[in-house]
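> need a structure here:
(chains A, B, C, D, E and F)
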Number of protein chains: 4
Amino acid sequence: MSPLNEEKLEQIHIQRVKEIKEAALKVFARKGISGTKMSMIAEEAGISQGLSYRYFKSKEELFIVLIQEAMEEADAAMKQIGQLPGTPMEQIRTLTQIILDESNKDAFLLIQQGKTANDVPEKARQIIEQYSAKDPIQGLVPIFVKGQQFGEFCAGDPYRLLLCYFSVITGLMLQEHQGDWTIDVDLLMKILKK
Amino acid sequence: MSPLNEEKLEQIHIQRVKEIKEAALKVFARKGISGTKMSMIAEEAGISQGLSYRYFKSKEELFIVLIQEAMEEADAAMKQIGQLPGTPMEQIRTLTQIILDESNKDAFLLIQQGKTANDVPEKARQIIEQYSAKDPIQGLVPIFVKGQQFGEFCAGDPYRLLLCYFSVITGLMLQEHQGDWTIDVDLLMKILKK
Amino acid sequence: MSPLNEEKLEQIHIQRVKEIKEAALKVFARKGISGTKMSMIAEEAGISQGLSYRYFKSKEELFIVLIQEAMEEADAAMKQIGQLPGTPMEQIRTLTQIILDESNKDAFLLIQQGKTANDVPEKARQIIEQYSAKDPIQGLVPIFVKGQQFGEFCAGDPYRLLLCYFSVITGLMLQEHQGDWTIDVDLLMKILKK
Amino acid sequence: MSPLNEEKLEQIHIQRVKEIKEAALKVFARKGISGTKMSMIAEEAGISQGLSYRYFKSKEELFIVLIQEAMEEADAAMKQIGQLPGTPMEQIRTLTQIILDESNKDAFLLIQQGKTANDVPEKARQIIEQYSAKDPIQGLVPIFVKGQQFGEFCAGDPYRLLLCYFSVITGLMLQEHQGDWTIDVDLLMKILKK
DNA sequence: AATGAATGAGGGTTCATTCAT
DNA sequence: TATGAATGAACCCTCATTCAT
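Prediction:
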């Protein structure tokens, strides 16, 4: 009734949306879109089955929103890299660690789902394509070239080398390291090193 | 008298089974088990919906058969490597190329589906586990050690290095190289090189 | 080609029809119409799946033909009874034994299926009704009345008593006497006796 | 606060379960298990196709639950008989009337379906066997013997006579008395009388 | 005439989505 | 707003029927 109440309601609303998105991300990332049931998301979020529909029109829309946000985050991370401290090598190592970090894992898995699964909403596909078109790797080329000049990186077509490198990274994300060993980033970077 | 001699019928039967398995492999590998509808397989194989059931009891059984065969093939490939010509480095390069080869891709993707999806038949999981227990990477350790002694490979725990290397390979398989560039195997092998 | 051949073919045809009908009767009687698969009939008859369709247009038609014949037989049996030797009591006992006889069992069970199941072809229902309208029990009334005069049968409305009696008989047919005891006909006839 | 207090929800739940069971009993009893489509039950209960599955895991489970309850009821009826007032003859007449009563008819028909149909779930078969093993007729023997001593019942093996009698009763249940005459119980009891 | 492979409509079941409370 | 019951479209699978041989 009172303005205060409305504001509070608004906050609850935002909070709910966040909870649902977090729950959905967790589930979508692991089970894919067709493997995910709305009831799983509801359970993960601790709410009732029907409630998500007050906040998201459909399972598809929820997926699309998550893809959108994941792509934005990934894009932002790629753009940040120039501002990171250290040599090009160190910058790329940091980026690699961010990507492989547990807390970002779900977002990357989600993107992977969006790229490979078949039952992905058309709109989600478009978003992915649109960001891919901006080609985040292209942005890394100058940094890599600098690294080549420093003698940190090996010779060769920078774009091609980076593409290969990030394919490897993305691939690694997709695997459940059931034994809880973690990849040694320096091992991966040998791909780029001299 | 015989409308179609038995041998001919038997051949047709085998042919059909093969067609269905090929179609199913293609679809399962890409869409996962729950993302795959029997109608997709039927369409891919150019047959009607019901016909698969003359040859396979269920979608599950079809998946299990495919997993079984894929694991056998993968296992055989791993075992062969010692007999390949060349130095350890060359042997592992050859193996890598076999794995990344387009014609084997689906089988590896299928295995990946079997490992990570959540709706995998229990029996398929058992088959995977049974082969994994044999730990094919373990079999490569002696070759790798020999390579280390030759000075071809870098120092470090052989098992751990190989595990990392093959995680990278597997990860690469999961990506649709939409642009039709192919990974440069020598780039990957830098991970193992001195 | 030759007339002899045609005649022979005709005989084979008749023989096949008979085999299929016998097989179908056996299965329909036990499993009902929806519980019976055409493949069961084919197996029972020792022929291939598709062959029945050369002789009968459909499962329904096959069922209808069998119902028709079973009703005709039942009707004939009822009509015969007056010609049987012995007193009315003995005649009805004989009729009872015929009905309960193993070799007629399937026909009676089939009729029962036709009366009670839901998925019975309309035409089968009509046939049953048409014979029921002729009311075979009505035909037994004179015999029963004679028995009453002889003092063999109890007093009471003859039609009603006979209806009750044959309901009992029919009911008994429906039960699988798993233990292989057989009903004592004289026990049943106490219903009619003085 | 509570949208609908829990008790109320619980009551609605129980009510729905009851409605579905009643509808299913009615249909199963008449059409058998394979003759019954879930859509028939849904229609009879006035609900949608999918709803039954909130209350019963499958058609099979629903059938099994109904068989279980029917057997329990039948067993209870048999056990009660000793407590009924009157002579043995009167007790058995009462039992007969209970069995033939319209309101119990479906339960008995269901049991009959469970006994004779071929597509009965294994578990349903087990339940029936388990109750049959308790052999309810055996429990009636003492009463029958008392009746023989009273001179109400005829001589002969009590078990055999009762078995025959109840076969007759069961058989009668299976028939649709399309004309709405009802069986005269005293007529049936002549089987047992002196 | 005979076989058995092939088709496709229909039934059981799941689950995204809506609705009554 | 929140719940969870209710709906119905879609998927897996069976089986009556047709078709190629």
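> what's the closest non-adjacent residue to A:Ile99?
A:Ile169 (5.7 Å; C-beta to C-beta, 6 or more residues apart in numbering or on different chains). In this view, the C-beta of every residue, glycine as well, is placed from N, C-alpha and C.
> what's the distance between that neighbour and D:Leu100?
Going from A:Ile169 to D:Leu100 by C-beta to C-beta, to the nearest Å gives 78 Å.
> the more surrounded of those two?
A:Ile169 (20 against 17; other C-beta atoms under 10 Å in any protein chain shown).
> Settle this for me: that one is touching A:Leu188, isn't it.
Yes. Contact criterion C-beta atoms under 8 Å: A:Ile169 and A:Leu188 qualify, at 7.1 Å.
> and the longest helix along chain A with helix B:6-35, angle?
Criterion DSSP state H: the longest helix present in chain A is helix A:3-35. Angle, helix A:3-35 to helix B:6-35, by axes from the mean of the first three to the mean of the last three C-alpha atoms, to 10 degrees: 170 degrees.
> what helices or strands is helix A:3-35 leaning on?
Counting contacts by 3 or more C-beta pairs under 8 Å, 6 or more residues apart in numbering or on different chains; DSSP states H and E, helix A:3-35 packs against helix A:38-45, helix A:52-55, helix A:59-80, helix A:102-116, helix B:6-35.
> dump the residue contacts of the closest residue to chain D within chain A.
Minimum separation of chain A from chain D (C-beta to the nearest C-beta) falls at A:Ser48, amounting to 10.1 Å. By C-beta atoms under 8 Å, 6 or more residues apart in numbering or on different chains, A:Ser48 lies in contact with A:Ala42.
> could you redo the last one with a cut-off of 10 Å?
The contact partners of A:Ser48, taken as C-beta atoms under 10 Å, 6 or more residues apart in numbering or on different chains, are A:39, A:42.
> can you confirm it is in a helix?
No. A:Ser48: not assigned to a helix; according to DSSP: H, G, I helix; E, B strand; the rest coil it is coil.
> Can you check the pLDDT for it?
pLDDT for A:Ser48: 96.
> How about A:Val168?
Listed pLDDT for A:Val168 reads 84.
> Over to A:Lys18?
97.
> what residues are shared contacts of A:Ile169 and A:Leu188?
With C-beta under 10 Å, 6+ apart, A:Ile169 and A:Leu188 have common neighbours A:96, A:100, B:168.
> Now A:Gln138. Nearest residue, chain neighbours left out?
The nearest residue in space to A:Gln138 (C-beta to C-beta, 6+ apart) is A:Tyr159, at 7.1 Å.
> Oh, that last question was meant for A:Met38, not what I typed.
Going by C-beta to C-beta, 6+ apart, A:Met38 has A:Lys59 as its nearest residue, at 5.8 Å.
> Can you report how many residues lie near A:Arg54?
Neighbour tally, A:Arg54, other C-beta under 10 Å: 12.
> residues contacting A:Gln149?
Per C-beta under 10 Å, 6+ apart, neighbours of A:Gln149: A:Pro88.
> same deal with A:Val17?
A:Val17 neighbours (C-beta under 10 Å, 6+ apart): A:52, A:54-56, A:65.
> Farthest-apart pair in the residues you listed, please.
A:Arg54 and A:Val65 (14.5 Å; C-beta to C-beta).
> Mind telling me what element the residue of chain A found nearest chain B is part of?
The minimum distance from chain A to chain B, using C-beta to the nearest C-beta, falls at A:Gly171 (1.9 Å). Secondary structure from DSSP states H and E places A:Gly171 in helix A:158-173.
> now that helix: how far from the chain's centre is it?
15 Å (C-alpha atoms, centre = their mean, to the nearest Å).
> Relative to A:Ile20, which of the shared contacts of A:Ile169 and A:Leu188 is nearest.
The closest of the shared contacts of A:Ile169 and A:Leu188, once distances to A:Ile20 are taken by C-beta to C-beta, is A:Leu100, at 26.6 Å.
> Present the shared contacts of A:Ile169 and A:Leu188 as CSV; the columns should include distance to DNA strand E.
Output for these, formatted as CSV (distance: C-beta to the nearest atom of the strand, whole Å):
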residue, distance to DNA strand E
A:Thr96, 35
A:Leu100, 30
B:Val168, 33
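> and which of these is nearest DNA strand F?
Each of the shared contacts of A:Ile169 and A:Leu188 was scored against DNA strand F by C-beta to the nearest atom of the strand, and B:Val168 proved nearest at 32.8 Å.
> who are the neighbours in contact with that closest one?
A:167-169, A:171-172, A:175, A:183, A:187-188, A:191, B:96, B:183, B:188, B:191.
> for these, which one is nearest DNA strand F?
Distance to DNA strand F, by C-beta to the nearest atom of the strand, is smallest for A:Gln175 among those, at 26.1 Å.
> Which pLDDT value belongs to that closest one?
Taking A:Gln175 on its own, its pLDDT is 68.
> just to revisit the earlier point, rank the contacts of B:Val168 by pLDDT and give me only the lowest.
A:Gln175 (68).
> A:Ile98 is in what secondary structure piece?
Short version: A:Ile98 belongs to helix A:88-100, going by DSSP H and E.
> packing partners for that helix?
Applying 3 or more C-beta pairs under 10 Å, 6 or more residues apart in numbering or on different chains; DSSP states H and E, we find helix A:88-100 packed against helix A:59-80, helix A:102-116, helix A:136-150, helix A:158-173, helix A:185-189.
> try 7 Å
helix A:136-150, helix A:158-173, helix A:185-189 (3 or more C-beta pairs under 7 Å, 6 or more residues apart in numbering or on different chains; DSSP states H and E).
> sorry, back to before: what about the residue nearest to A:Met38, neighbour count?
By other C-beta under 10 Å, the residues close to A:Lys59 number 19.
> ok, now how distant is the nearest residue to A:Leu140 once chain neighbours are set aside from D:Ala29?
Once flanking residues are discounted, A:Leu140 sits nearest to A:Leu162: 5.4 Å by C-beta to C-beta, 6+ apart. Per C-beta to C-beta, A:Leu162 is found 72 Å from D:Ala29.
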